[in-house]
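**Q** Just to be clear, the model below is a prediction. Sequence and coordinates:
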Amino acid sequence: MSAARRARSESPYERRYGFSRAVRAGDRVIIAGSAPIWPDGSFDSDPAAQARRCCEIVVAALEDLGAGARDVVRTRMFLTDAAISDAVGTVHREYFGEAAPAATMVVVAGLLDPRWVVEIEAEAQL
């Protein structure tokens, strides 16, 4: 197996906490939990907009490592409120519906920033 390749995003947390947005090891790509923040640190309060931003970050990381949304085999969606599950699930389908990955949606007590209501991670197989 070749050495792992890493992709970074513009998240301020990656360098601060010592992680990569994504790692490709052989034919496997693992995307870290992606929060709904823009490079300038802003975010949208709408749950669907937050989910869309998370998916954009995930797809960009996949593409940086030679994969795409079609290669996703697993996603995990972390929500702070079950009431937003339809909004988040609908966006998930827009991005990953064709791949139809195994998916988990979990309600959590909170995320790193209390204004975030969703965070998404993914795994792809090439």
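**A** Done, it's in. These numbers were taken from a predicted model, which means no experiment stands behind them.
**Q** list the buried ones in the lowest-mean-pLDDT helix or strand in the chain?
**A** Every helix and strand in the chain was compared by mean pLDDT, DSSP states H and E; the lowest is helix 12-17, with a mean of 85. Within helix 12-17, the residues that qualify as buried by neighbour count (16 or more other CB atoms under 10 Å) are 13, 14. Just so you know, the C-beta spots here come from the backbone N, C-alpha and C atoms, and that holds for glycine as well.
**Q** after that helix, next one along is what?
**A** strand 22-25 (DSSP states H and E).
**Q** Neighbouring strands - and their directions - for the next helix or strand along the chain from that following strand?
**A** Later in the chain than strand 22-25, the nearest helix or strand by DSSP H and E is strand 28-34. Sheet pairing of strand 28-34 (DSSP bridges) gives strand 22-25 (antiparallel), strand 118-125 (antiparallel).
**Q** so can I have a markdown table of the ones you listed showing mean neighbour count?
**A** A markdown table is the format used below for the strands paired with strand 28-34 (neighbours: other CB atoms under 10 Å):
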| stretch | mean neighbour count |
| --- | --- |
| strand 22-25 | 21 |
| strand 118-125 | 24 |
